[in-house]
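Undergrad: what follows is a predicted structure for the sequence shown.
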Amino acid sequence: MLSQVLLRSGKEFSCYLLSTSACFDVESLPHAELCDEGDAVIEPADFYVAAPGAEANSTTGSAAFVSDDAVQTPFAEPGDPETTPRGRTEAQRQRNRAKKKKRRERETADELTTPHRRMHHLGRATVVQSRQYELQTGRHALSGYVGVVDRGLDYVFLAGAGSERIKTLLRHQYEFVELDKLRGDYPICDGQGRIFALVLGWPEGWDQRTEGANRAMEKLQAALADLRPPSNRRGNFAAYSMGYSYGGGQTEPVPCKRTRREIAALQEFLDDADVQAVFKYIAGAIKTWFPEHFEAYTNCLEVYKARPDPLSPPSPLLPFPTLTINCGRATICLPHRDSPNDAAGVCLDWILGRFDVASGGQLVLHEPRKILALDPGRVILFPSAIITHETIPIAPGEWRSGVTGYTPGGLLRYIAQGFATRDGWALTPAEAKQYDEMGETRWRSSLARFKTLQQLIAWWAAAATAAKTVQSAAPEHSL
């Protein structure tokens, strides 16, 4: 009868609600009856509760074979998928998929945040050897804080177009390094196995992030296209620095000078969601592969934030006090070293653009004799103050830009000198002589921050043990 229906699953379904509409004829409804065992139940076709004043949407004298999933609950709108068992099941699946996606995104964002995960990340790396290069041979100032000014005169023989230049480099025993788009990173080691450079891998979703950052860069280029860019000794392209620095005759660290229009356009680029996502990943990579550099640079930022006249970095997501946005469409660097940077430090070079890396745009590291085929979107970390580097020209119609991040060595020296210049530092002649003689010691002690892969694994294993010890020693709290 209409008061109770037995479904194939054995469940009972009841409470058919009838409309009070005058056009609704109860006698015209087909009665439900049980068929042979195993058959479906005969139900009224398209049965639902009609709205007051509306005709019932049932077909008089008709019947249809339906399954459990097709039975609609009272007050159900036929077009609402979540009101049927099948619709509710699909909605639950969608919610579960959304939860899994969010969990994967959270795990990806936190991939480099725990010692165990960092150790796992180290184990996926593909090591690039540079056995003929020794990190301690890098040219540095007597103070040990910065590099030595270089005009690239040692590499004047590298003339001609991109393909001809690469042929010349290969004749001089340079190695051409092609990188696959794998999730693992590419650490570059010197003759003693110390990791002095790192090319980040290509994690899932990196193509989309790169495309978004390229759009943000093109928007920045359009916003500053009619301005005359500041002078640039590294090449003929537009480059705008953000943050603060110290050196070159300055009496104290000061912010980089920019106009309001420049600041607004540059800040919009830095605030882009894809740019910030890449910055977060880069910060995790620095902390994983260069933990002592990360700690030293973070402490430096905190010191300058705590001053009476605080200085803030251009991006709170990176451990660098200075960023340079190379927004010229042909960011092709001449052979040079960024000597004002921390001599035994790591600098960021994030490459953007639309170019074919097979024909141009490669990054050359001269002392290690490496030609790195870095696609648009690639990130490399290396000590740019002591390694001469340049960019191979790209083809006409292509464009190549990027972002660099670094810590000026003068900022570290200013802290060591008690927030004073060398001339303003109250030292006796004997103390000044002793301080200068310690430059080589500072240099070698700074080099110790570069570690081998085995040392890094041991470092994070010790960190994991320490974290476990702290967690087990923490008192239990109860509500």
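TA: Everything's here; your move.
Undergrad: you'd agree residue 404 is in a strand?
TA: Yes - judged by DSSP: H, G, I helix; E, B strand; the rest coil, residue 404 forms part of a strand.
Undergrad: next up, the contacts around it.
TA: Residue 404 makes contact with 323, 324, 326, 347, 348, 349, 350, 384, according to Cβ atoms under 8 Å, 6 or more residues apart in numbering. Heads up, the C-betas are built off the backbone N, CA and C, glycines and all.
Undergrad: okay, and which of these map to helices?
TA: Among the contacts of residue 404, none falls in helices (DSSP state H).
Undergrad: give me the subset of these lying in strands.
TA: Mapping the contacts of residue 404 onto strands (DSSP state E) picks out 323, 324, 326, 347, 348, 349, 350.
Undergrad: ok, the third one - how many residues close by?
TA: Read it as residue 326. When neighbours are defined as other Cβ atoms under 10 Å, residue 326 has 28 of them.
Undergrad: cool, and residue 231?
TA: Number of residues near residue 231 (other Cβ under 10 Å) recorded here: 6.
Undergrad: circling back to that earlier point, pull the most distant pair out of the ones in strands among the contacts of residue 404.
TA: The span of these, defined through Cβ to Cβ, is set by 326 and 347 at 12.9 Å.
Undergrad: re earlier: compare the ones in strands among the contacts of residue 404 and tell me which is most surrounded.
TA: residue 326 (28 neighbours).
Undergrad: now that one: how far from residue 382?
TA: Relative to residue 382, residue 326 is positioned 16 Å away (Cβ to Cβ, to the nearest Å).
Undergrad: what does residue 391 give?
TA: Taking Cβ to Cβ, one finds residue 391 at 14 Å from residue 382.
Undergrad: host element of the closest residue to residue 421 other than its chain neighbours?
TA: Excluding the flanking residues, the one nearest residue 421 by Cβ to Cβ, 6 or more residues apart in numbering is residue 251, at 5.9 Å. Under the criterion DSSP states H and E, no helix or strand holds residue 251.
Undergrad: residue 442 now?
TA: Using DSSP H and E, residue 442 falls in helix 439-447.
Undergrad: what's the following helix or strand after that helix?
TA: helix 453-473.
Undergrad: what packs against that following helix?
TA: If contacts are counted by 3 or more Cβ pairs under 8 Å, 6 or more residues apart in numbering; DSSP states H and E, helix 453-473 sits against helix 115-123, helix 273-289, helix 291-305.
Undergrad: recalculate using a threshold of 7 Å.
TA: helix 115-123 (3 or more Cβ pairs under 7 Å, 6 or more residues apart in numbering; DSSP states H and E).
Undergrad: quick one: strands adjacent to the helix or strand following the helix it packs on?
TA: The helix or strand immediately downstream of helix 115-123 is strand 128-129, counting by DSSP H and E. Sheet pairing for strand 128-129, assigned by DSSP bridges, gives strand 186-189 (parallel).
Undergrad: and the average pLDDT for the partner strand is what?
TA: Average pLDDT, strand 186-189: 97.
Undergrad: can you list contacts of it?
TA: 125-130, 179, 195-199, 289, 368, 370, 453 (Cβ atoms under 7 Å, 6 or more residues apart in numbering).
Undergrad: again, but for stretch 224-237
TA: 238-239, 262, 265, 326-328, 330-334, 336.
Undergrad: picking up where we left off before, now, among the ones in strands among the contacts of residue 404, which is nearest to residue 209?
TA: Closest to residue 209, out of all of the ones in strands among the contacts of residue 404 and judged by Cβ to Cβ, is residue 350, at 10.8 Å.
Undergrad: quick check, pLDDT for that closest one.
TA: 98.
Undergrad: go ahead and confirm it touches residue 400.
TA: No - look at residue 350 against residue 400 with Cβ atoms under 7 Å: they stay out of range, at 11.8 Å.
Undergrad: OK, contacts around residue 131?
TA: residue 191.
Undergrad: secondary structure element for it?
TA: Using DSSP H and E, no helix or strand contains residue 131.
Undergrad: re earlier: in strands, which of the contacts of stretch 224-237 fall?
TA: Checking the contacts of stretch 224-237 against DSSP E, those in strands are residue 326.
Undergrad: now the residue positioned nearest the centre of the chain: closest residue in space that isn't a chain neighbour?
TA: Central residue of the chain (Cα atoms, centre = their mean): residue 278, 2.3 Å from the mean position. Among residues not flanking residue 278 along the chain, residue 209 sits closest, at 5.5 Å (Cβ to Cβ, 6+ apart).
Undergrad: run a quick neighbour tally on that neighbour.
TA: 18.
Undergrad: quick check, it in contact with residue 279.
TA: No - taking contacts as Cβ under 7 Å, residue 209 lies outside contact range of residue 279: 10.5 Å.
Undergrad: any low-confidence regions in this structure?
TA: Applying pLDDT under 70 to the chain flags residues 1-87, 106-113, 151-154, 156-162, 470-479.
Undergrad: figure out how far the top helix by length along it is from the centre of its chain.
TA: Counting residues, the longest helix found in the chain (DSSP H) is helix 85-109. Offset of helix 85-109 from its chain centre (Cα atoms, centre = their mean, to the nearest Å): 24 Å.
Undergrad: endpoint to endpoint, stretch 336-356 covers what distance?
TA: 24 Å (Cα to Cα, to the nearest Å).
Undergrad: now that stretch: buried residues?
TA: 336-353, 355 (16 or more other Cβ atoms under 10 Å).
Undergrad: go on, stretch 256-263?
TA: Here stretch 256-263 shows 256, 258, 262 as buried, counting by 16+ other Cβ under 10 Å.
Undergrad: show me what contacts the first one?
TA: If I follow you right, that is residue 256. Counted by Cβ under 7 Å, 6+ apart, residue 256 has contacts 241, 242, 243, 244, 245.
Undergrad: would you say the fourth one is within a helix?
TA: No - according to three-state DSSP, the state of residue 244 is strand, so it is not within a helix.
Undergrad: count the residues that sit near it.
TA: When neighbours are counted by other Cβ under 10 Å, residue 244 registers 19.
Undergrad: how far away is it from residue 279?
TA: From residue 244 over to residue 279 (counting by Cβ to Cβ), the distance is 18 Å.
Undergrad: one more: the first one?
TA: In this structure, residue 241 and residue 279 are separated by 17 Å, where distance is defined by Cβ to Cβ.
Undergrad: out of these two, which sits in the busier spot?
TA: residue 279 (22 against 19).
Undergrad: leaving out the residues flanking it, which one is nearest to the more buried one?
TA: Nearest one to residue 279, counting by Cβ to Cβ, 6+ apart, is residue 317 at 4.0 Å.
Undergrad: great, nothing more from me.
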